[in-house]
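In: no sequence for this one, just the structure:
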């Protein structure tokens with residue numbers, strides 16, 4: 001009877017030890033799962049941060065491209081306006097020069113006509 005009670009007690013102690021080991025292993029597994037979940041969550045967060053940063057960099061890059069294009073168009077428009085202005089000034093100078101030449105030509109023709117009509121000069125020519 002004592003041996004049977006001892007065997008029962010040994011089996012009972014063994015079962016308790018096995019249950020405690022199983023609980024310890026479950027606790028270890030739960031901690032491992034929690035740690036993996038935290039790592040996975042951290043990785044997802046890092047991926048989202050990387051995606052946001054890449055999107056921000058792309059927005060800044062596109063904004064810089066638009067700014068460069070806008071500046072180039074502005075410079076081009078300024079250059080075209082200066083060209084038009086200079087061309088207009090040059091045409092105005094040519095018109096003034098042409099008007100001056102026509103005035104001088106008219107004076108010379110008037111002077112020539114006056115000389116032809118002057119009898120004293122006509123007498124000297126003969």
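Out: All right, it came through fine. Treat the numbers as computed from the prediction; the structure is a model and nothing was measured. Numbering: from 1, shown residues only.

In: Give me the distance between the longest helix along the chain and the centre of its chain.
Out: Ranked by number of residues, the top helix in the chain under DSSP state H is helix 2-117. Offset of helix 2-117 from its chain centre (C-alpha atoms, centre = their mean, to the nearest Å): 6 Å.

In: pLDDT (mean, whole number) over it?
Out: Per-residue pLDDT over helix 2-117 has a mean of 95.

In: Now do the next helix or strand after it: everything it contacts.
Out: Next along the chain after helix 2-117, taking DSSP states H and E as the criterion, comes helix 119-125. Outside helix 119-125, the residues within contact range by C-beta atoms under 8 Å, 6 or more residues apart in numbering are 115, 116. In this view, the C-beta of every residue, glycine as well, is placed from N, C-alpha and C.

In: switch to 10 Å and redo it
Out: Residues from elsewhere that reach helix 119-125 (C-beta atoms under 10 Å, 6 or more residues apart in numbering): 114, 115, 116, 118.

In: The second one: what's it in contact with?
Out: Meaning residue 115. Residue 115 makes contact with 121, 122, 125 under the criterion C-beta under 10 Å, 6+ apart.

In: Relative to residue 122, how far out is it?
Out: 8 Å (C-beta to C-beta, to the nearest Å).

In: Same check on residue 40?
Out: Distance, residue 40 to residue 122, by C-beta to C-beta: 119 Å.

In: just residue 116 next, same as before
Out: 7 Å.

In: do residue 28 as well
Out: Using C-beta to C-beta, residue 28 is found at 136 Å from residue 122.

In: what's the answer for residue 55, then?
Out: Distance, residue 55 to residue 122, using C-beta to C-beta: 97 Å.

In: Please apply the same query to residue 37.
Out: Residue 37 sits 123 Å away from residue 122, going by C-beta to C-beta.

In: cool, and residue 76?
Out: Computed with C-beta to C-beta, the distance linking residue 76 and residue 122 is 65 Å.

In: Kindly report the same for residue 9.
Out: 164 Å.

In: and what of residue 32?
Out: Residue 32 is 130 Å from residue 122, by C-beta to C-beta.

In: Ok, residue 23 next?
Out: Residue 23 is 144 Å from residue 122, where distance means C-beta to C-beta.

In: Thanks a lot, catch you later.
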